[in-house]
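Visitor: the sequence and its predicted three-dimensional model are supplied below.
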Amino acid sequence: MHENNPTANILNIFQSPELKKRLLFVAIALAVFRVAAVIPIPGINTEALASFFKQHEGGMLGFLDIFSGGALGKFSVLALGIMPYINASIIMSLIKGAHVIPALEKLSKEGEYGRRKENQITRVFALVLSLLQGFGLTLALTKMSAPGNMQMVVDPSWSFILTTTLTLATGTMFLMWLGEQMTEKGIGNGISLIIFAGIVDRLPSAISSLIGLVSAEEIQLLTAILIVGAAVVIMGLVVWVETAQRQIPVQYAKRMVGNKMYGGQTSYLPLKIDQSGVIAVIFAMSVLSMPLTIAQFMPESPWAQKVMQYIGHGNWAYTLIYVALIIFFCYFYNSMSFNPKDIAENMKKWGGFIPGIRPGDATQHYIEWVMNRITLSGALFVSAIAVLPDFLRFKFNVPFYFGGTSLLIVVGVALDTVGQVQAHLLAHNYQPLMKGRGIKGRWFNVGE
């Protein structure tokens with residue numbers, strides 16, 4: 001078996017019919033997403049819209065346009081992107097974590113049935129949010145003008161507002177459905193892959209812009225090389241942190257089962273430094289983008305001017321709030337997905353213990369202490385990577401075309417996808433062996 005050989009893994013992809021089918025489905029779904037992202041909504045003055053987004057290229061609207069794959073800048077049917085669904089998921093998670101609604105807590109304990117019900121509630125909530133955001137975005141667009149006093153909307157009637165609102169909400173629901181299909185029939189988190197595709201779509205134009213600046217001698221060749229080198233170093237650091245683990249040794253006592261002796265071995269409890277991956281970054285970006293997006297579409301409003309003055313993209317207040325949100329969601333995600341009490345109880349049940357730590361409550365507290373320490377270090381690193389390129393671009397005019405948030409998401413999703421592919425290849429390699437031992441059907445289905 002060649003699960004550790006990248007070349008062999010690529011060749012094995014073509015030997016696994018199920019994996020080929022999943023990869024083909026993901027490729028088709030992403031192609032559909034890219035086609036839909038360029039379908040414009042009728043009645044929009046595209047020239048005025050392009051001029052407006054060019055003026056705000058370095059602000060929050062340009063930032064969000066990257067994550068929508070350019071759909072917001074074209075005001076296409078997918079202009080809202082997947083953000084309403086992410087916002088709905090955040091709010092649902094916060095409600096469950098705060099134990100506000102007992103019915104939701106009860107659903108979370110009902111297994112697969114409860115999970116389906118929670119997903120259904122999240123979908124309905126996402127629809128409500130997409131209608132509200134679509135209405136606000138459309139209404140703001142009808143009252144805006146681009147440089148040169150060009151109107152954004154050809155006919156700003158209520159018919160246009162209602163039709164566009166429904167279209168934008170439908171686009172978000174389509175993306176949500178497409179992401180769920182990619183998760184079920186593809187190789188991983190479909191929502192993350194959609195965001196990943198939207199960011200990567202800008203890579204060719206970013207490279208072309210950098211080459212153009214060098215050709216026009218607006219920046220020196222050495223500076224361009226340093227920029228590319230810095231991006232490579234940042235990606236390497238992200239890969240290192242995303243794959244880093246703190247391994248806690250676990251010793252198992254010897255015990256007799258029948259006539260056989262079991263245990264007496266040492267294993268490790270692996271704890272990831274960045275347990276949340278890109279989830280914390282996406283959640284923080286989504287929460288912070290809501291008030292800033294509304295403010296940029298209503299520039300004449302006094303409250304919008306205050307918002308942009310104090311927490312505009314690139315300000316110190318924006319950076320501090322963004323870092324605080326990333327740290328908060330790192331800890332919040334761990335509290336939802338990692339339960340030291342269950343781990344300690346299972347270790348005690350099977351005769352396992354951490355050397356020097358008493359089983360039971362002491363083990364639980366020790367795991368919590370270690371997890372809190374490594375989560376803080378991972379969250380601080382992720383925060384630094386997220387804001388460093390933006391800081392260099394705004395303060396020193398360094399032409400980074402991809403912020404740290406984009407790099408974190410691209411690298412994180414790529415690592416997760418590679419892991420899913422390797423898991424499928426491992427299942428494919430072991431399947432003949434498991435069938436030979438009398439196990440029928442598929443061994444396991446990763447990513448479902």
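Guide: Received the coordinates, thanks.
Visitor: look at Y310 and give its secondary structure.
Guide: Following DSSP: H, G, I helix; E, B strand; the rest coil, Y310 is assigned to helix.
Visitor: count the neighbours of the residue lying closest to it once chain neighbours are set aside for me.
Guide: In this structure, Y310 finds its nearest non-sequential neighbour in A317, 5.1 Å apart by CB to CB, 6 or more residues apart in numbering. C-beta here means a position set from N, CA and C on the backbone, and glycine is covered the same way. The local packing of A317 (other CB atoms under 10 Å) involves 11 other residues.
Visitor: check F396 and give its pLDDT.
Guide: Looking at F396, its pLDDT reads 55.
Visitor: helices and strands around the helix or strand containing the residue nearest to Y310, which ones?
Guide: If you go by DSSP states H and E, A317 is part of helix 316-337. The elements that helix 316-337 packs onto, with contact taken as 3 or more CB pairs under 8 Å, 6 or more residues apart in numbering; DSSP states H and E, are helix 83-98, helix 279-296, helix 302-311, helix 361-396.
Visitor: looking at the ones you listed, which one is packed in the most?
Guide: Burial of the helices and strands packed on helix 316-337 is given as mean neighbour count (mean count of other CB atoms under 10 Å); helix 279-296 ranks first at a mean of 22.
Visitor: work out the gap between it and the centre of the chain.
Guide: Centre-to-centre, helix 279-296 and its host chain are 13 Å apart (CA atoms, centre = their mean, to the nearest Å).
Visitor: extract the C-alpha trace of it and format it as PDB.
Guide: The C-alpha coordinates for helix 279-296 follow below in PDB (Å, rounded to 0.1, in the frame of the first residue of the first chain):
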ATOM      1  CA  ILE A 279     -14.000  27.300  10.900                       C
ATOM      2  CA  ALA A 280     -13.000  30.000  13.500                       C
ATOM      3  CA  VAL A 281     -11.700  32.300  10.800                       C
ATOM      4  CA  ILE A 282     -14.800  31.900   8.600                       C
ATOM      5  CA  PHE A 283     -17.100  32.500  11.600                       C
ATOM      6  CA  ALA A 284     -15.200  35.600  12.700                       C
ATOM      7  CA  MET A 285     -15.100  37.100   9.200                       C
ATOM      8  CA  SER A 286     -18.800  36.400   8.800                       C
ATOM      9  CA  VAL A 287     -19.800  38.100  12.100                       C
ATOM     10  CA  LEU A 288     -17.600  41.200  11.500                       C
ATOM     11  CA  SER A 289     -18.700  41.600   7.900                       C
ATOM     12  CA  MET A 290     -22.400  42.200   8.600                       C
ATOM     13  CA  PRO A 291     -22.300  45.700  10.100                       C
ATOM     14  CA  LEU A 292     -19.400  46.800   7.800                       C
ATOM     15  CA  THR A 293     -21.200  45.600   4.600                       C
ATOM     16  CA  ILE A 294     -24.400  47.500   5.600                       C
ATOM     17  CA  ALA A 295     -22.400  50.600   6.400                       C
ATOM     18  CA  GLN A 296     -20.600  50.700   3.100                       C
END
